[in-house]
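Undergrad: Next one to model:
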Amino acid sequence: MLSLGALLATAVMAGSMEESYLSTAKVGAGVPVPVSVVAPDNYGVSAGSKTYLTFTVDEQGVPQDIAVKSTNSDTLAANAVKAVAQWRFTPVSVDGKAVATKVTLPIVARNAELQGVRFASN
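TA: Numbering: from 1, shown residues only. Got it, this is the predicted structure:
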């Protein structure tokens, strides 16, 4: 299973969090590239809360079989599953053919003072 989070840069404050995330995502061989993301709602989530999701990016770039691998916030976990279900990716290509790829994605609530602002981070 590939850790997508290990290949992502921390979001910076520029435009929306979604735009920031997309502009800072690192690209690597065998990594599905996010092209459209929705940040999970952090309302009622403490800074430092973490959720690790696992899912498969299918051949069409759609997340499938999203599951919570671990979390310290049930609220963040539920919100993250809803958000990631809306993400879209450029799928991994092997010999010119799109292939499904399993990934792990950490979602971290960064700053309690930024209520309502969300971050996806490594």
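Undergrad: From now on I want contacts and neighbour counts done on CA atoms only, so please keep to that.
TA: Fine.
Undergrad: Regarding residue 77, what is its secondary structure?
TA: helix (DSSP: H, G, I helix; E, B strand; the rest coil).
Undergrad: Does residue 77 touch residue 69 like I think?
TA: No. Proximity of residue 77 to residue 69 does not meet the contact threshold set by Cα atoms under 8 Å, at 9.5 Å.
Undergrad: With neighbour numbers in mind, choose between the two.
TA: residue 77 (24 against 14; other Cα atoms under 10 Å).
Undergrad: contacting residues around the more buried one?
TA: Shown in contact with residue 77 (Cα atoms under 8 Å, 6 or more residues apart in numbering): 51-52, 68, 71.
Undergrad: and it, what pLDDT?
TA: As predicted, residue 77 sits at a pLDDT of 93.
Undergrad: burial of the closest residue to residue 30 other than its chain neighbours, as a residue count?
TA: In space, residue 30 comes closest to residue 92 once its chain neighbours are excluded; the distance is 5.5 Å by Cα to Cα, 6 or more residues apart in numbering. Neighbours of residue 92 under the rule other Cα under 10 Å: 22.
Undergrad: Hmm, residue 92 is touching residue 98, no?
TA: Yes. Contact criterion Cα under 8 Å: residue 92 and residue 98 qualify, at 5.6 Å.
Undergrad: how close does residue 98 sit to residue 69?
TA: Applying Cα to Cα, to the nearest Å, the value for residue 98 to residue 69 is 25 Å.
Undergrad: Quick check: phi and psi at residue 41.
TA: As for residue 41, its main-chain torsions (degrees, to the nearest 10) stand at phi -70, psi 130.
Undergrad: one step back: can you pull the contacts of the residue nearest to residue 30?
TA: Going by Cα under 8 Å, 6+ apart, the list of residues near residue 92 reads 29-33, 59, 98-101.
Undergrad: Please list only the buried members of the residues you listed.
TA: Neighbour-count burial (16 or more other Cα atoms under 10 Å) is assigned, among these, to 31-33, 59, 98-101.
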